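Engineer: The following comprises the amino acid sequence and a computationally predicted model.
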Amino acid sequence: QVQLVESGGGLVQPGGSLRLSCAASGFTFSNYAMSWYRQAPGKERELVARIISTGGSTNYADSVKGRFTISRDDAKNALYLQMNSLKPEDTAVYYCNARHRLRLSLDYWGQGTQVTVSS
């Protein structure tokens, strides 16, 4: 059974930091590109960051470049998102996504974790 479980969300003041984690199970983690998406109220879900493989390429939404860092630990089947210099517009539900690098139909989502940036 595939599971992606996010944690680490919460309420933080503008300028603060949070580290999101995603624990994966039920599939061969190293075969999957891993991503963080987010969805704010009334907006479409958007890609925040993606990492293809450990030590491999990453890409970020322009809005988070220089502030967020995505990483993965294939030995622990874990994905992370370090978020610094948070802004109110970063407020959203953040989702972990796994997509097989070759078989794109193998695509899994976590349940999401709420991040609220507010003073």
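Structural biologist: Structure's in. What do you need?
Engineer: For Tyr60, which non-adjacent residue is spatially closest?
Structural biologist: Ala49 (4.8 Å; C-beta to C-beta, 6 or more residues apart in numbering). Bear in mind the C-beta positions are built from the backbone N, C-alpha and C, glycine included.
Engineer: Could you check which helix or strand contains that neighbour?
Structural biologist: strand 46-51 (DSSP states H and E).
Engineer: got it, and Gly16?
Structural biologist: Here Gly16 is assigned to no helix or strand, by DSSP H and E.
Engineer: That one and Ser118 touch, don't they?
Structural biologist: No: using C-beta atoms under 8 Å, Gly16 makes no contact with Ser118, being 10.3 Å away.
Engineer: Between these two, which has more neighbouring residues?
Structural biologist: Applying other C-beta atoms under 10 Å to Gly16 and Ser118 shows that Gly16 carries more neighbours, namely 14 against 10.
Engineer: which residue packs closest to the more buried one, ignoring adjacent ones?
Structural biologist: That would be Leu86: by C-beta to C-beta, 6+ apart, it lies 5.4 Å from Gly16.
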